[in-house]
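> Everything below, folded, please.
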Amino acid sequence: MHQFLHTPFAQTQRLFEPNHKSWVHSGHLLAFALRTSALSYVGEVRSYAKDAAYLRAIKTY
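I've put the predicted structure just below:
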């Protein structure tokens, strides 16, 4: 029984039980944090690419 609790299936089942709202809440927070960090990373990459293109444009003149 103890081993069963560590399987992914048991953990996902526990997530959907109504009395484990904190599990679901922390899952939502984790997803939100991952999404925001991914978005900021993409934004940094975009601005870096823009700067690189700008520098290249200056060099060609």
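
> Looking at the chain, which helix is longest?
Longest among the helix segments of the chain by residue count, using DSSP state H, is helix 21-60.

> Please name every helix or strand in contact with that helix.
helix 8-15 (3 or more C-beta pairs under 8 Å, 6 or more residues apart in numbering; DSSP states H and E). Every C-beta, even on glycine, is put in place using the N, C-alpha and C of the backbone.

> any idea of the mean pLDDT in the helix it packs on?
Per-residue pLDDT values over helix 8-15 give a mean of 57.

> Same check on stretch 54-61?
Mean pLDDT, computed over stretch 54-61, is 81.

> Any buried residues in that stretch, and which?
For stretch 54-61, the buried set under the neighbour-count rule, 16 or more other C-beta atoms under 10 Å, is empty.

> What lies in contact with it?
With contact meaning C-beta atoms under 8 Å, 6 or more residues apart in numbering, stretch 54-61 is reached by no other residue.

> Only the C-alpha atoms, please, for it, written as CSV.
Coordinates of each C-alpha in stretch 54-61 appear next as CSV, following Å, rounded to 0.1, in the frame of the first residue of the first chain:
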residue,chain,number,x,y,z
TYR,A,54,20.5,46.4,-34.4
LEU,A,55,24.2,46.0,-33.9
ARG,A,56,24.5,44.1,-37.2
ALA,A,57,22.6,47.0,-38.9
ILE,A,58,25.1,49.5,-37.4
LYS,A,59,28.1,47.5,-38.6
THR,A,60,26.8,47.4,-42.2
TYR,A,61,26.5,51.2,-42.4
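
> buried sites along stretch 38-58?
Going by neighbour count (16+ other C-beta under 10 Å), nothing in stretch 38-58 comes out as buried.

> go on, stretch 29-38?
Taking 16+ other C-beta under 10 Å as the basis for neighbour counts, none of the residues of stretch 29-38 comes out buried.

> In CSV, list the C-alpha atoms belonging to it.
Coordinates of the C-alpha atoms in stretch 29-38 are reproduced here as CSV (Å, rounded to 0.1, in the frame of the first residue of the first chain):
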residue,chain,number,x,y,z
LEU,A,29,0.9,27.9,-8.7
LEU,A,30,3.6,25.8,-10.2
ALA,A,31,2.1,25.9,-13.7
PHE,A,32,1.7,29.7,-13.3
ALA,A,33,5.4,30.1,-12.2
LEU,A,34,6.6,28.0,-15.1
ARG,A,35,4.5,29.9,-17.6
THR,A,36,5.7,33.3,-16.4
SER,A,37,9.3,32.3,-16.3
ALA,A,38,9.0,30.8,-19.8
